[in-house]
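# missing the sequence, but the structure's below:
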């Protein structure tokens, strides 16, 4: 096989076009799989404590208090949305009204009577855990979709390069 003029793309003489395509496809697949792990890593959010000095009376509901809980990390907006959906469903299915829960300044706050706090806190922790699981699953699914799109784009580029190579290979530069 004669070299392709001044072209920088040169295939080894010992590889067929199909072998070359397969090796590049395998390499791209390996490359894409490796990047998925980093994209889908997620450190679960945890409730780490509460500062007594920040607990205050609710301005909107008589007899209620706003109790802020510190989080292990700033919760991404998508994670907050998931948590709010889970908490909202819990409130909707409850026989008596559940406290409101919302995010402010990297804190998860609930508004409830102080005597009910020990009843609501385990539910809060459970819903945080459920939000972690759902968010991690969503990240995994997104990473898989992104990986498939990236692989498809790379395969299209490879097919284009192979077509260019085949077109140029038939030319006589002599």
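Thanks, I have the structure now. Everything numeric here is computed off the predicted structure, so don't read it as measured data.

# Domain-wise, how is the protein divided?
Domain assignment of the chain by automatic domain parsing yields the ranges 17-40+142-169, 47-140.

# among these, which is the most enclosed?
Most buried of the domains of the chain by mean neighbour count (mean count of other C-beta atoms under 10 Å) is domain 47-140; its value is a mean of 15. (C-beta placed from N, C-alpha, C; glycine too.)

# For that domain, measure first residue to last.
Using C-alpha to C-alpha, to the nearest Å, the end-to-end distance of domain 47-140 comes to 23 Å.

# and it, what's its mean pLDDT?
The average pLDDT for domain 47-140 rounds to 92.

# Remind me which helix or strand the residue most central in space within the chain belongs to.
The residue lying closest to the centre of the chain (C-alpha atoms, centre = their mean) is residue 139, at 2.8 Å. Following DSSP states H and E, one finds residue 139 within helix 117-169.

# by contact count, what packs against that helix?
Counting contacts by 3 or more C-beta pairs under 8 Å, 6 or more residues apart in numbering; DSSP states H and E, helix 117-169 packs against helix 17-39, strand 47-49, helix 77-93, strand 107-112.

# And stretch 93-106, how far out from the chain middle?
Averaging C-alpha positions (C-alpha atoms, centre = their mean, to the nearest Å) puts stretch 93-106 25 Å from its chain's average.
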